[in-house]
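> please work out how this folds:
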Amino acid sequence: MAQKQTASAKEKSRIKADLSSLPESEPVPVGELNLDPKNPRLTGEEYSVADQEKILKRLWNEFNVSEITDSIFASQQFWNHEPLIAAIEGNRRLAAVQLLLSRRLQKKIGASGVPQISAKLANSLARLPVIKKPRSAVWDFIGFKHVNGPQEWDSIAKAEYVARVHEDYDVPLPEIAQATGHCN
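Predicted coordinates:
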């Protein structure tokens, strides 16, 4: 068991190093951002970029976006230390901000309980920190974060993600296992 913990700590350090090698985030207007229809959480149904409200509704209903809206409301800020990564990372956080900023979207998808925010908070949420990198450049960071992180993907999402990385980027399965912290 001690060996696995050591390997996990080494992996965490490697993944953090990989994230630190990414470019700085830049502020992007929320209106220019789309929820990712290929997000691994969205198993069981195919979405396109045009399905933004369907994706938003599913995220709200199934993936506890309310904990993020409540957290942003309570802290009166978006966490700049955890930027979105376009086009793959941050669907729940982007969904939370979209809902905080739009009563119309709240009503349209039936999101009740979203707090009403001040103009000051709305102004600060108008632009979010985004790192622009292709999926192929951040797959290992994203995989590690969601296989082992605070908001893990379910088993199907994990399996589909591994298959996608293996097939789309020709990454060998042992390399994916190592990057996601699942090897000894």
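> excluding chain neighbours, what is closest to residue 157?
Nearest residue to residue 157 in three dimensions, chain neighbours excluded: residue 40, at 4.1 Å (C-beta to C-beta, 6 or more residues apart in numbering). In short, each C-beta sits where N, CA and C put it, glycine included.
> what residues are up against the residue sitting nearest the centre point of the chain?
Nearest residue to the geometric centre of the chain (C-alpha atoms, centre = their mean): residue 90, 2.6 Å. Contacts for residue 90 were tallied using C-beta atoms under 8 Å, 6 or more residues apart in numbering; they are 83, 84.
> so how far is residue 116 from it?
Applying C-beta to C-beta, to the nearest Å, the value for residue 90 to residue 116 is 23 Å.
> residue 50 too?
Residue 50 is 29 Å from residue 116, by C-beta to C-beta.
> measure residue 76 to residue 124 for me?
In this view, residue 76 and residue 124 are 8 Å apart by C-beta to C-beta.
> these two: who's more crowded?
With neighbours defined as other C-beta atoms under 10 Å, residue 76 and residue 124 compare such that residue 124 has more, 15 against 12.
> what's the burial count for the residue nearest to residue 157?
Neighbourhood size, residue 40 [other C-beta under 10 Å]: 22.
> residues in contact with residue 96?
With C-beta under 8 Å, 6+ apart, residue 96 has these contacts: 65, 68, 69, 72.
> any low-confidence regions in this structure?
For the chain, residues meeting the criterion pLDDT under 70 lie at 1-21, 87, 148-151, 182-184.
> can you pull out the strands in it?
Applying DSSP state E to the chain gives strands spanning 26-29, 84-86, 127-132.
> and the closest residue to residue 82 other than its chain neighbours, how far from residue 46?
In space, and not counting its chain neighbours, residue 82 is closest to residue 93: 7.5 Å by C-beta to C-beta, 6+ apart. Noted for residue 93: a distance of 23 Å to residue 46, by C-beta to C-beta.
> just name the most buried of the strands of the chain.
strand 84-86 (a mean of 22; mean count of other C-beta atoms under 10 Å).
> which helices and strands sit right next to that one?
strand 127-132, helix 135-148 (3 or more C-beta pairs under 8 Å, 6 or more residues apart in numbering; DSSP states H and E).
> go again using 7 Å as the cut-off
With contacts defined as 3 or more C-beta pairs under 7 Å, 6 or more residues apart in numbering; DSSP states H and E, strand 84-86 has these neighbours: strand 127-132.
> sweet, I'm off.
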